[in-house]
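Q: Below is the sequence, then the predicted model.
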Amino acid sequence: MKKVEYKTPVELKLLTERKRRETQQLIKKLKKLKSKKLDEIVHNLHDEAFSTFDCLDCANCCKTIGPRLIEKDIDRLAKHFKMKPSAFIQQYVKTDEDGDFVFNTEPCPFLLPDNYCMVYENRPKACRDYPHTDRNRFHQILNLSHKNCETCPVVYEIFESLKHNF
């Protein structure tokens, strides 16, 4: 895999849209692979990509998409700020169109100007797991990962590398 370069969300969205058809064809092929084999390939690409890419140079995810918050996330963040969960929800959270709790602003209210996270040690599970390219059973989130190509340069490059291998 070539070195992952930072791209803005606008650039990534255009590139992802331009390559949508070929990526969808790739996804069909990948769904036919054995799950463990696909995981092994994607995990290797993930490790290789993150050996050269620093999320602090980017933070597109924190700037443009909000994590789904679960009760444990809210409790942990409220405790971090020495607030009651209800007060934390009132100040920082809204319910989205799917009925999920999400932050009420974009970029993330805890993203600092230098792209560091003010609550990094207590960040939501969705933030801890993003961009999900090191998870098991990757075949289950191929379509979500394709959508994440619009936000994360690493996911975009992983899909581009997969195209060269399949």
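A: Nice, thanks for sending it over.

Q: Is Lys37 located within a helix, as I assumed?
A: Yes. With DSSP: H, G, I helix; E, B strand; the rest coil as the criterion, Lys37 is part of a helix.

Q: i'd like the first residue to be 28 from this point on
A: Will do, 28 is the new start, and the previous item becomes Lys64.

Q: Quick check: it vs Tyr119, distance?
A: In this view, Lys64 and Tyr119 are 41 Å apart by C-beta to C-beta, to the nearest Å. Just so you know, the C-beta spots here come from the backbone N, C-alpha and C atoms, and that holds for glycine as well.

Q: If you count surrounding residues, which of the two has more?
A: Set Lys64 next to Tyr119 and count neighbours by other C-beta atoms under 10 Å: Tyr119 wins out with 21 against 11.

Q: residues contacting that one?
A: Tyr119 makes contact with 104, 130-131, 136, according to C-beta atoms under 8 Å, 6 or more residues apart in numbering.

Q: Could you tell me which of these belong to helices?
A: Mapping the contacts of Tyr119 onto helices (DSSP state H) picks out Leu104.

Q: Find the pair from the contacts of Tyr119 with maximum spatial separation.
A: Within the contacts of Tyr119, two members stand farthest from each other by C-beta to C-beta: Leu104 and Asn131, at 13.0 Å.

Q: higher neighbour count, those two?
A: With neighbours defined as other C-beta under 10 Å, Leu104 and Asn131 compare such that Leu104 has more, 22 against 15.

Q: The more buried one and Ile116 touch, don't they?
A: No. Leu104 is beyond contact range of Ile116, at 9.8 Å (criterion: C-beta atoms under 8 Å).

Q: Now for Val182, how many residues are close by?
A: 28.

Q: so when I look at it, I'm seeing a helix, right?
A: Yes. Assessed by three-state DSSP, Val182 belongs to a helix.

Q: Spatially, what comes nearest to it if we skip its sequence neighbours?
A: Asn175 (4.4 Å; C-beta to C-beta, 6 or more residues apart in numbering).

Q: now Thr160
A: His73 (4.2 Å).

Q: count of neighbours near the one you found?
A: 21.

Q: gap between Asp81 and Val181?
A: 10 Å.

Q: Between these two, tell me which one has more neighbours.
A: Shown here are Asp81 and Val181; by other C-beta under 10 Å, Val181 has more neighbours (23 against 10).

Q: Perfect, I'm done here.
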